[in-house]
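J.: build me a structure from this.
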Amino acid sequence: MDCQDEQLVKTICNLYGKISKLESLKPSEDVNTLFKELVSTCIPPNPNIDVTKMCDTVQEIRQKLIKICGEAEGHLEHHFSSILTSFQDNPLNHLNLFPYYSNYLKLGKLEFDLLAENLNGFVPKNIAFIGSGPLPLTSIVLASAHLKDTTFHNFDIAPSANSLASLLVSSDPDISQRMFFHTVDIMDVTESLKSFDVVFLAALVGMNKEEKVRVIEHLEKHMAPGAVLMLRSAHGPRAFLYPIVEPRDLQGFEVLSIYHPTDDVINSVVVSKKLPVASTGNVGGHSCLLMPCNCSKIHAIMNKKKKNMMIEEFGFTIPIENGNGAKNAEADSQRTLYPYVTGTSVVAIKYKDGILMASDMGGSYGSTLRLNDNMWDDGNSLGPKEVHNYLTRVMYNRRNKFNPLWNTLVLGGVKNGDKYLGMVSMIGVSFEDNHVATGFGNHLARPILRDEWREDLSFEEGVKLLEKCDDASPESRRKKRRISEAADEAETETRRINEESVKRWRTDRVQQIYSCKLVEALRRARQRSNDAGKVTGAAREIRETADRVLAASARGTTRWSRAILASRVRERLKKHRKAKSTANRKSRKATTETKRVKLPAVERKLKTLGRLVPGCRKVSVPNLLDEATDYIAALEMQVRAMEALTELLTAAEPRTTLTRR
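T.: As a prediction, the model looks like this:
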C-alpha cells in the first residue's frame, strides 16, 4: 500500500533515524531537541493521515518509535520526579518545572469534563490509574483540582517509579491521605478491580495492539458492571507517538464518547462503560442481552436515563424505534422483577435455652461491598412475637402501596421463658417455625435442619449444626479456603516486608545517605537561625530536623514517615488560627469531662505504643506492629548516624559546631 502524505511521513522517518542513533534516551540537549521536533511535527491535526493503511515499512518504524517514545518519557518523568522530591517544602508546588505540565492540566480538565458529562453528576469515590509512572500528574491534577474527595490508587510495575511517586506526594497533607501506590502487574490484579468506579488506562500500557487488547480483556473480565474505563488513544499523525485504541477493541464495553484534541494536547480520550452482560448476537437487527440467572451475582448498571437499577433474576431489552427507524431514549432500558440481592443468607434455629442465628456479614452490590453490623435498643418492652406482628403489617402495608421494602426479615427472641422464631417476606407473608433460612441458605440449609434439628439441642450442638449448614455451600467452602490462603500469604508477606525493612535501615549506604542529608538540612537550619537572629530552641530544631530527614529517607512509604512530613504543614496552619480565651477553654473542659475507664494492661500498652509511633494512634494492631518495627529500625539507624556525626564534630574546631553558643 502506498504511504499517504509522503512529506510528513518522510520527516517523521528521518527523525526516527536520528533518535535511534542516540546513545541514551535520558534527558539531554540532543534528546530534548529531537523529541521536541518530533512532537511539533506530529501535533498538527491531519485527517488525511491514517497510519493503519500505511505500508509495512512505515508501520514497523511506527511501532519502534512508540516504544522509543515510551522509554524516553519514562526517563523524563524519572528525571523531573527526582528533582521535585529534592525540595524541602511541598514538591507539588513546583510541578510547573515539568515542561509538559500545562498539557497535563488541559488533559486533566478535558477528562474530568468528559467523565462528569457521562456520569451525570455522580462523583466517583475510588479511581484506579494503571501505568502511573514516577510522575503521576493525571492523578495529582484530578485529585487537587477536580475530585477533592476521591481516593486514587496508582498501579505501576516498576518499584522505583512508585517510590518516587509516593515520595512526591508525601509532603501534601491532603493528597498523601487519598493517593496510594501499588507495585504490581495489572494482569495479576483481579478482585480488587471491582472496587473502582473509574479506571484510567495510560496510553503506554500495552505498546502494541495485541498487548493493549489483552489488558482491556483483563479489565473487562474483572471490573464491576457499570464502571467507567477511560483510555488514551491517538489520532492522525499523533499515532506515531502513542498506540491507537479503536471501539472494536473494547469488547464488553459500551463506548460513550471519543474526543480527538486539536490543540497541543497529544492524546485522544475514549470513555467507555463496562456492560452488565456480554452481547450474544442480535435478533431482528437489535442487540439482545442475556441477564444472569437466579444464582448469579447481582449486577449494578446504569440505563440511558441514568437511573440505578439492580438486575438479577430476569431482565430483557425492549428495542423501540421511532418513525425514522432510530431508537428513542427507552431503547436500552433494562427491566427486572426482583431488584434485590438473594445471594446472602440468614439461618436461625431454636435450641433448648434460646435462639441461635448465623448470617453473612457482607453483601456485594456490584462494585460496592456492604459491611454493616448494627445493634439497637430503644428501650421498648415488646416481645419478639409482638415485633413480628408489627413488622408483618409494615411490610404488607408497603406492598399494598406498590412500594415494598426489598428485605426479608428474621425475628427471634425469648420472653418469659418462651422461645419465638419467625420470618416476614417483603410482601408481608409471615410464619413461625423452629428453624428458618433466607436467600440461598433456604435451599441448602433447610434440608439439613429438617433432618437433624431437635428441640433439646444444647448451645454447642446448635452451633455445630449451623456450621454444618454453612459448610453445605460449595461457595462457602471455597471462600474459607481462599480466606485461609490469603491470610497465610499476607502473614508471609508481612514478615518478608518487616525483615527487608529492618535490613534496609541497617545498611551502611542508608546511614551514609541519611548523614549527608542531615548535615545539609542542619546547615540550612542554622543559616535560617542566623538570618532571623534566633538563638534559642536549637536542640528542638535539631531534633525536628533530624526526624524530618529520617521521614524523607523513608520516602513516605510508611504511615509514620508521612505523619512526620505532614506535621510541619500542620504547625504552620496552627500559627494562623485564633486562640480562644482561657475562660472558654475552662468552661468547655468542665462540660466535656468524663469518667476515665481503666483499660486492660495489653490495651494500655498498645495505646502507649500508638502514641509513640507518629500517625499510628488509630490503626489496627497488625498495622501498628508493622509501623513500630520499621520506626524502631529507623530510629536505631538515626542514633548510629548521629553518634558518628558527634564523634566527627567533637574532633573538629569548636566554631564548627552546628549549634550557637
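J.: mind giving me the packing neighbours of the helix or strand containing Arg523?
T.: For Arg523, the enclosing helix or strand under DSSP states H and E is helix 508-532. Secondary-structure packing of helix 508-532 (3 or more CB pairs under 8 Å, 6 or more residues apart in numbering; DSSP states H and E): helix 538-553, helix 621-651. C-beta coordinates here come from the backbone N, C-alpha and C atoms, glycine included.
J.: most packed of those?
T.: helix 538-553 (a mean of 18; mean count of other CB atoms under 10 Å).
J.: which neighbouring elements make contact with that one?
T.: In terms of contacts (3+ CB pairs under 8 Å, 6+ apart), helix 538-553 is packed against helix 508-532, helix 559-574, helix 621-651.
J.: model confidence over the helix holding Arg523, on average?
T.: Throughout helix 508-532, pLDDT has a mean value of 75.
J.: also stretch 274-288?
T.: Within the predicted structure, the mean pLDDT of stretch 274-288 is 49.
J.: so which residues of the stretch 301-450 of the chain form strands?
T.: The residue ranges that make up the strands of the stretch 301-450 of the chain, judged by DSSP state E, counting those that start in this stretch, are 308-311, 346-351, 354-359, 363-365, 368-370, 409-415, 418-424, 430-432, 435-437.
J.: so which of these is nearest Pro27?
T.: Of all the strands of the stretch 301-450 of the chain, the one in closest proximity to Pro27, counting by CB to CB, is strand 368-370 (43.7 Å).
J.: domains for the chain, by residue range?
T.: Dividing the chain into domains by automatic domain parsing, as the record does, gives the ranges 6-76, 77-274, 349-370+382-472, 491-571+601-656.
J.: dump those to a markdown table, plus distance to Glu485.
T.: Output for the domains of the chain, formatted as a markdown table (distance: least, CB to CB, whole Å):
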| stretch | distance to Glu485 |
| --- | --- |
| domain 6-76 | 35 |
| domain 77-274 | 13 |
| domain 349-370+382-472 | 17 |
| domain 491-571+601-656 | 11 |
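J.: re the thing from before, and the helices and strands packed on helix 508-532, which one averages the lowest pLDDT?
T.: Going by mean pLDDT, the lowest-scoring of the helices and strands packed on helix 508-532 is helix 538-553, which has a mean of 79.
J.: tell me what angle that one forms with helix 621-651.
T.: With axes from the mean of the first three to the mean of the last three CA atoms, to 10 degrees as the basis, helix 538-553 and helix 621-651 are set at 120 degrees to each other.
J.: with just CA atoms, put helix 538-553 into CSV.
T.: Extracted C-alpha coordinates of helix 538-553, given in CSV (Å, rounded to 0.1, in the frame of the first residue of the first chain):
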residue,chain,number,x,y,z
ALA,A,538,18.5,25.0,68.9
ALA,A,539,18.1,21.5,70.4
ARG,A,540,14.5,21.3,69.5
GLU,A,541,15.2,22.4,66.0
ILE,A,542,18.0,19.8,65.6
ARG,A,543,15.6,17.1,66.8
GLU,A,544,12.8,18.1,64.4
THR,A,545,15.2,18.5,61.5
ALA,A,546,16.6,15.0,62.2
ASP,A,547,13.1,13.5,62.3
ARG,A,548,12.1,15.2,59.0
VAL,A,549,15.2,13.9,57.3
LEU,A,550,14.5,10.4,58.6
ALA,A,551,11.0,10.6,57.3
ALA,A,552,12.2,11.8,53.9
SER,A,553,14.7,8.9,53.8
